[in-house]
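> predicted model and sequence below, questions to follow.
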Amino acid sequence: MSVDAYQLEKTYRRLTGEANFISRFRSFIKRDYQTIKALDNVSFSVKLGEKITIIGPNGAGKSTIIKILTGIIQFDKGNAIVNGYDPQKQRYNAAYQFGVVFGHRSLLWRHIPVIESLRLYRDVYELDSQTFERRLADFISVLEIKPFLHRQPRRLSLGERMRCELVAALIHNPPVVFLDEPTIGLDIVAARRIRKFINERNQEDGTTVILCSHNVKDIEQICDRAILLLKGKIHYDGPTKELASLLQKEKRLDFTFRTEKKPITTLIHFLQKLSVQENVKITNQDGKSLETLNGNDNSIRIEYNADAVDLDFLIHNLLQMVDRVLDIQISDADLEDIIEELYTNGAKKGD
């Protein structure tokens with residue numbers, strides 16, 4: 001087993017009170033706190049060489065899990081093991097077992113050249129010079145960072161710096177790497193290069209990857225397994241490819257048509273009755289009401305749940321009510337849309 005989290009619980013206390021003089025004066029006498037449960041009985045295991053993503057809205061507990069597993073913060077209850085070591089009680093030994101990249105925080109010293117930071121990590125992880133130079137040469141070739149090695153991180157672009165951050169995190173060839181928003185703010189080319197590098201490290205070195213990201217491309221192109229966190233609890237743990245189909249059988253039908261001979265009111269009436277059903281949303285090409293449909297070329301989008309609507313019945317009726325079909329497309333909802341809806345619905349249910 002590479003990573004094992006068992007019944008983790010973590011609670012924060014946040015100071016409450018309004019931002020006015022009276023509230024601030026009262027806080028000198030008695031402070032009021034709000035209790036926030038960041039993790040609530042969270043358990044999961046990650047096998048050696050597995051690539052998983054932990055997803056969820058802001059405040060779901062994603063970063064808290066990474067900080068616990070890397071020994072940055074302590075949990076209230078439970079147990080955590082990273083490649084055989086407890087990051088809370090065996091921090092020194094555990095630190096050799098993982099690398100970590102935070103999209104918002106740097107592993108590199110801002111005011112010294114990148115190569116000097118990497119040499120410091122060489123000494124920290126007690127790498128011999130031959131191993132260090134060999135791994136550095138491999139990373140320079142793959143990530144194309146040679147022009148940046150003798151520049152200060154503060155003088156690099158975000159994409160250039162993130163490529164160097166990955167080298168700093170992986171120079172000691174850790175069995176596990178934690179990635180917290182590694183492609184945040186990057187352009188398409190830079191993000192694609194980093195995803196490719198992560199996948200190559202997994203294939204060549206067998207590196208276990210635990211990713212936290214809001215970027216759907218990161219999730220789809222890197223990870224085989226997804227853990228969905230909502231309000232500090234696990235709501236889904238399974239294959240990334242099945243996330244959409246298991247949680248929401250959402251379909252999308254785009255229908256473009258022309259009707260001149262048949263009355264448009266019949267179609268409008270049918271669509272209005274359909275839109276009353278649960279899990280059905282209908283919009284026209286301009287996002288306006290259905291009453292604006294006319295005899296000219298029209299486009300409508302019907303978003304529906306496959307379990308709630310009979311597709312044969314739907315298409316049969318649409319064809320009967322128009323004179324000519326210009327285009328019809330049926331597709332699955334985007335994973336990004338589904339995750340967004342899960343965040344929204346999960347937040348509402350938790351309130």
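Arrived safely, thanks for sending. Residues are numbered from 1 along each chain as shown.

> from now on I want contacts and neighbour counts done on CA atoms only, so please keep to that.
OK.

> quick one: the helices in the protein?
Applying DSSP state H to the chain gives helices spanning 21-29, 62-69, 91-95, 114-124, 129-143, 158-170, 188-205, 216-222, 243-247, 264-275, 311-320, 335-350.

> export those to CSV and append columns for mean pLDDT and distance to Asn41.
Output for the helices of the chain, formatted as CSV (pLDDT from 0 to 100; distance: least, Cα to Cα, whole Å):
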stretch, mean pLDDT, distance to Asn41
helix 21-29, 63, 32
helix 62-69, 90, 12
helix 91-95, 88, 23
helix 114-124, 94, 35
helix 129-143, 92, 39
helix 158-170, 91, 29
helix 188-205, 89, 29
helix 216-222, 84, 24
helix 243-247, 58, 22
helix 264-275, 86, 40
helix 311-320, 88, 41
helix 335-350, 57, 16
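
> neighbours of Lys51, how many?
24 (other Cα atoms under 10 Å).

> which ones are touching it?
Contacts for Lys51 were tallied using Cα atoms under 8 Å, 6 or more residues apart in numbering; they are Asn202, Thr208, Val209, Ile210, Leu211, Ile222, Cys223, Asp224, Arg225.

> would you check that the fourth one makes contact with Val177?
Yes - Ile210 sits in contact with Val177 when judged by Cα atoms under 8 Å, with a separation of 6.3 Å.

> I'd like to know which of the contacts of Lys51 are part of strands.
Thr208, Val209, Ile210, Leu211, Arg225 (DSSP state E).

> just these now: which is nearest Gly78?
Taking Cα to Cα as the measure, Gly78 lies nearest Ile210 of the ones in strands among the contacts of Lys51, at 19.5 Å.

> who's the closest one bridged to?
With DSSP bridges as the criterion, Ile210 is bridged to Ile52, Phe178.

> just give me the neighbour total for the nearest residue to Asn294 once chain neighbours are set aside.
Ranked by Cα to Cα, 6 or more residues apart in numbering and with sequence neighbours excluded, the top spatial neighbour of Asn294 is Ile264, at 6.4 Å. Using other Cα under 10 Å, Ile264 has 17 neighbouring residues.

> again with the one 3 residues further on
One way to gauge burial is a neighbour count; for Leu267, by other Cα under 10 Å, it gives 19.

> distance-wise, check it relative to Gly59.
In this structure, Leu267 and Gly59 are 44 Å apart, going by Cα to Cα, to the nearest Å.

> before we move on, what about Phe139?
Taking Cα to Cα, one finds Phe139 at 34 Å from Gly59.

> cool, Tyr92 as well?
Applying Cα to Cα, the value for Tyr92 to Gly59 is 29 Å.

> show me which of those two is the more surrounded one.
Neighbour comparison, Tyr92 and Gly59: the larger count goes to Gly59, with 16 against 13 (by other Cα under 10 Å).

> that one reaches Leu229, doesn't it?
No - proximity of Gly59 to Leu229 does not meet the contact threshold set by Cα under 8 Å, at 9.5 Å.

> check contacts around the residue of the chain most remote from its centre.
Distance from the C-alpha centroid of the chain, by Cα atoms, centre = their mean, peaks at Lys261 (49.7 Å). For Lys261, the contact set (Cα under 8 Å, 6+ apart) comprises Asp323.

> again with Glu165
Val101, Ser106, Leu107, Leu108.

> could you dump the residues you listed to TSV with distance to Ala191 and neighbour count?
Below are the contacts of Glu165 laid out as TSV (distance: Cα to Cα, whole Å; neighbours: other Cα atoms under 10 Å):
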residue	distance to Ala191	neighbour count
Val101	14	22
Ser106	17	15
Leu107	19	20
Leu108	19	24
